[in-house]
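>>> Using only what follows, build the 3D model:
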Amino acid sequence: MRTKEEFDRLRERAIALRREGKSRTEIQAILGGVSRSTLNEFLQGVPPPDWTRRPNAKDDLRDKARQLRTEGLNYNQITARLGVSKSSVSLWVRDLPTPPGLSYEENRRRSAEGARRYWEEERKVRQAHQANERIAAAAEIGELTLREILIAGAVAYWCEGAKSKPHRQHYCVVFMNSDPGLIRLFLRFLDTAGIPRTDLVFTVCIHESGDVAAAQKFWLDVTRANSEQFNKPSLKRHNPKTTRKNVGEDYHGCLRIGVHRSSVLLRKIEGWAQAIMVDPTDEGQVSNPPS
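Here you go, the predicted structure:
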């Protein structure tokens, strides 16, 4: 068991060796019999020699980590704030004194703030990566042929259009959706199928709490149709007990497209959809229109 005087002499010797530029391994070998934890205690607050500070791309992060440590942040908080590994933080700030304990609320606040800052930057990176993926996928499609437009339109109608049911027969084409891109696709489909735009009639369907006039103008711009082709808007009664998400300036309701004299077109769509959905491995062909 070392006396206090021996312990103090070892501390002074360790500090002197550190200031001479010795590494921790070298100091430990010179002093002999000093554990790593004891040596760390001796050198707490003593800056490492300049030769240990290799210039690299993380120097700025290292400086930020040391600054955050002096502000009282712990390893986990610094890691969350800078987005680096805990081992790197430990290496950069281990010579600094341990900050005093913080309250539970302050620790949570600092941790949440660090996570928020990290995800602000990470979200931008992810959004840019996702945008590039969408651009690359769009480039794979290229220009659509007339056949591909018919296929896409028939599938879109089979998902969102009015169809005959065993309990209710339907004899005309009616398509409704809130996505302006899908509405444009369906109009392009009708053009490809040889349906004149003058045969179309439009109805804006919207909650009565929405901006009806703005929605009417929005869908006029999307369709580029004659205003006389638009029926009186269909208003859905507002239920104050319902918490609706589709509110604000971006809410334009849905647009319903009706096609006059379209029973033949409806049967064609049924046939196109049937051909698309046939299982190529099935030897039997479905002869009746889908319902």
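>>> Quick check: mean pLDDT of stretch 139-151?
In this model, stretch 139-151 carries a mean pLDDT of 93.
>>> Only the buried residues of it, if you could.
Residues 149-151 are the ones in stretch 139-151 that count as buried (16 or more other Cβ atoms under 10 Å). Glycine gets a C-beta too; all of them are placed from N, C-alpha and C.
>>> Sort out for me which of those are in helices.
149-151 (DSSP state H).
>>> out of the buried residues of stretch 139-151, who's nearest A214?
I149 (30.5 Å; Cβ to Cβ).
>>> contacting residues around the residue nearest to the closest one when sequence neighbours are not counted?
Ranked by Cβ to Cβ, 6 or more residues apart in numbering and with sequence neighbours excluded, the top spatial neighbour of I149 is T192, at 4.6 Å. T192 makes contact with 146, 149-150, 153 under the criterion Cβ atoms under 8 Å, 6 or more residues apart in numbering.
>>> ok so, going back, switch the buried residues of stretch 139-151 over to CSV; also include distance to D282.
As requested, these are exported to CSV (distance: Cβ to Cβ, whole Å):
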residue, distance to D282
I149, 26
L150, 23
I151, 19
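>>> Strands of the protein, start to end?
174-177, 200-207, 234-236, 254-259 (DSSP state E).
>>> For the longest one, give me every contacting residue.
Contact partners of strand 200-207, identified using Cβ under 8 Å, 6+ apart, comprise 176, 187, 190, 212, 215-216, 219, 223, 225, 229-236, 238, 244, 251-260.
>>> Go again with 7 Å.
The contact list for strand 200-207 (Cβ atoms under 7 Å, 6 or more residues apart in numbering) reads 176, 212, 215-216, 219, 223, 225, 229-231, 233-236, 238, 253-260.
>>> re the thing from before, with distance to K268 added, can I get the contacts of T192 in CSV?
Listed next are the contacts of T192 as CSV, based on distance: Cβ to Cβ, whole Å:
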residue, distance to K268
L146, 14
I149, 14
L150, 9
G153, 11
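>>> one step back: and of the strands of the chain, who's closest to S90?
strand 174-177 (55.3 Å).
>>> Just the residues contacting that closest one, thanks.
Taking Cβ under 7 Å, 6+ apart as the rule, strand 174-177 contacts 157, 160-162, 183, 186, 205, 254-258.
>>> Distance from it to the middle of the chain?
29 Å (Cα atoms, centre = their mean, to the nearest Å).
>>> cool, and stretch 201-208?
31 Å.
>>> do the same with stretch 193-205
Centre to centre, stretch against its chain (Cα atoms, centre = their mean), the figure for stretch 193-205 is 36 Å.
>>> How about stretch 257-276?
37 Å.
>>> C-alpha coordinates for that stretch, CSV please?
C-alpha atoms of stretch 257-276 as CSV (Å, rounded to 0.1, in the frame of the first residue of the first chain):
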residue,chain,number,x,y,z
ILE,A,257,-65.1,12.7,-64.0
GLY,A,258,-68.2,11.4,-65.8
VAL,A,259,-68.2,10.4,-69.4
HIS,A,260,-71.4,10.8,-71.5
ARG,A,261,-72.5,7.8,-73.6
SER,A,262,-69.7,5.6,-72.2
SER,A,263,-71.3,2.2,-71.9
VAL,A,264,-69.1,0.9,-74.7
LEU,A,265,-66.0,2.4,-73.2
LEU,A,266,-66.9,0.8,-69.8
ARG,A,267,-67.1,-2.7,-71.5
LYS,A,268,-63.7,-2.0,-73.1
ILE,A,269,-62.2,-1.1,-69.8
GLU,A,270,-63.6,-4.3,-68.3
GLY,A,271,-62.0,-6.3,-71.2
TRP,A,272,-58.7,-4.5,-70.9
ALA,A,273,-58.6,-5.0,-67.1
GLN,A,274,-59.5,-8.7,-67.6
ALA,A,275,-56.7,-9.2,-70.0
ILE,A,276,-54.2,-7.5,-67.7
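>>> who touches that stretch?
Applying Cβ under 7 Å, 6+ apart, the set of residues contacting stretch 257-276 is 150-151, 154-155, 157-158, 171-175, 186, 190, 193, 195, 199-202, 286, 289-290.
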